[in-house]
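[1] with the sequence up front, the predicted model follows.
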Amino acid sequence: MEHITLSFPASRSLSGKALAGVVGSGDMEVLFTADAASTLTVDITTSVDNSTARWTALFERLTLQKGLPSGQMIIHDFGATPGVARIRIEQVFEEVEHA
């Protein structure tokens, strides 16, 4: 298991909390809590070693598309593909946007 902490500048604010995915599914879960800070802090626990570059690239792509909201994100990854990871992250952002 590897633990990764990343931080990115936030360009928008949201409010609320959201959860997407289920750890027990063998996939991944993402928990997001919005706050008023100017950064998005991401704590990742993953079963895939040496994956910091993959996670950094994923969040950089998300930044280019819509920008990232400020808050705290916790990810429990058990080998999800990059596509599934992106879907779960986008799901929590969408849920909080429409809460």
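    In hand now; what should we look at? Residues are numbered from 1 along each chain as shown.
[2] show me what the longest helix anywhere in the chain is packed up against.
    For the chain, the longest helix by residue count, based on DSSP state H, is helix 82-97. Applying 3 or more Cβ pairs under 8 Å, 6 or more residues apart in numbering; DSSP states H and E, one finds that helix 82-97 contacts strand 17-21, strand 28-34, helix 52-65, strand 71-77. To be clear about C-beta, it is placed using only N, CA and C from the backbone, and glycine gets the same treatment.
[3] just give the closest residue to the one residue sitting closest to the centre of the chain, not the sequence neighbours.
    Closest residue to the average C-alpha location of the chain: residue 89 at 4.7 Å, with Cα atoms, centre = their mean. Residue nearest to residue 89 in three dimensions, not counting chain neighbours: residue 30, with 5.6 Å by Cβ to Cβ, 6 or more residues apart in numbering.
[4] show me what contacts that neighbour?
    19-21, 73-75, 88-89, 91-92 (Cβ atoms under 8 Å, 6 or more residues apart in numbering).
[5] which of those sits closest to residue 38?
    Lowest distance from residue 38 to the contacts of residue 30 (Cβ to Cβ) belongs to residue 73, with 15.0 Å.
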